[in-house]
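**Q** Okay, structure incoming, though there's no sequence with it:
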């Protein structure tokens, strides 16, 4: 299988770190995000990865050139100007020979089972939504208890992990986000499926708090 990692963003929310290094090289337990992602994809049999880059591309290329023991073939699809997720997939996908491929957002750390995604065409992994903040349970005007990051039952969110057929490339915009263009259209036409994952490890690295929380969880897994 082939995978695309969408890693072209500037990571503005992680400034000032991303003023000096691109977001894929931000470390989690001293290992950059991109290395965690490559190891994750390799675990599920991915042999070739195309990394979509734009911001500080050379730093990512140089890092991976030194890390020559990752065990997968790595290519780059460089965006001269920001293309959005749809445009990035379209550009990168033109060189993919497989009938289908995975897509992973460049700031996503997860253990979602990719093997469960290949059974259907054009599929999004979804995870049960958790609140970002603590919630209070109330009876009348009395607070009964506090709960941190409680799961909201039966409310599902896009996990940023996809299995797509190559035919989707013809429908993708040259510039624009797949989440705002093709996905809504495919959903209306009944051409988009999902697999739900409960209790999966999943982090989107958008803040310093995300770095801290994800690092702690990864540390538990390693131990």
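**A** Cool, got the structure. In this text, all values refer to a predicted model and were calculated from it rather than measured experimentally. Residues are numbered from 1 along each chain as shown.

**Q** CA only for contacts and neighbour counts going forward, please
**A** Fine.

**Q** Relative to the longest strand along the chain, what are the paired strands and their orientations?
**A** Looking across the chain with DSSP state E, the single longest strand is strand 151-165. Paired with strand 151-165 in the same sheet, following DSSP bridges, are strand 100-105 (antiparallel), strand 123-130 (antiparallel).

**Q** Can you tell me what sits against it?
**A** Contact with strand 151-165 is made by 99-105, 108, 117-118, 121-131, 196, 202, as judged by C-alpha atoms under 8 Å, 6 or more residues apart in numbering.

**Q** Equivalent analysis for stretch 111-122, please.
**A** Residues contacting stretch 111-122 (C-alpha under 8 Å, 6+ apart): 40, 44, 123-125, 162-165, 191-193, 195, 197, 200-202.

**Q** go again using 6 Å as the cut-off
**A** Residues from elsewhere that reach stretch 111-122, judged by C-alpha atoms under 6 Å, 6 or more residues apart in numbering: 163-165, 192, 201.

**Q** Now it: buried residues?
**A** The neighbour-count check on stretch 111-122 (16 or more other C-alpha atoms under 10 Å) flags 112, 114, 117-118, 121-122 as buried.

**Q** can you give me the end-to-end distance of it?
**A** Start and end residues of stretch 111-122 are separated by 20 Å (C-alpha to C-alpha, to the nearest Å).

**Q** same deal with stretch 130-147?
**A** Between the start and the finish of stretch 130-147 there is a gap of 11 Å, counting by C-alpha to C-alpha.

**Q** give me the low-pLDDT residue ranges for the chain?
**A** The chain contains residues with pLDDT under 70 at 132, 149-151, 153, 220-223.

**Q** how about the buried residues of stretch 111-122 in TSV, adding secondary structure?
**A** Listed next are the buried residues of stretch 111-122 as TSV, based on DSSP: H, G, I helix; E, B strand; the rest coil:
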residue	secondary structure
112	coil
114	helix
117	coil
118	coil
121	coil
122	coil
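
**Q** Quickly name whichever of these is closest to residue 51.
**A** Of all the buried residues of stretch 111-122, residue 114 has the smallest distance to residue 51: 18.0 Å, by C-alpha to C-alpha.

**Q** Let me have the buried residues of stretch 111-122 in a markdown table, adding distance to residue 155 as columns.
**A** Shown next, in a markdown table, are these (distance: C-alpha to C-alpha, whole Å):
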| residue | distance to residue 155 |
| --- | --- |
| 112 | 18 |
| 114 | 21 |
| 117 | 20 |
| 118 | 23 |
| 121 | 23 |
| 122 | 21 |
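
**Q** Identify the bridge partners of residue 3.
**A** Here residue 3, judged by DSSP bridges, has bridge partners residue 49, residue 102.

**Q** What residues does it make contact with?
**A** Listed by C-alpha under 6 Å, 6+ apart, the contact set of residue 3 reads 49, 101-103.

**Q** at 10 Å instead, please
**A** Counting by C-alpha atoms under 10 Å, 6 or more residues apart in numbering, residue 3 touches 38, 41-42, 46-51, 74, 92-93, 96, 100-104, 162-164.
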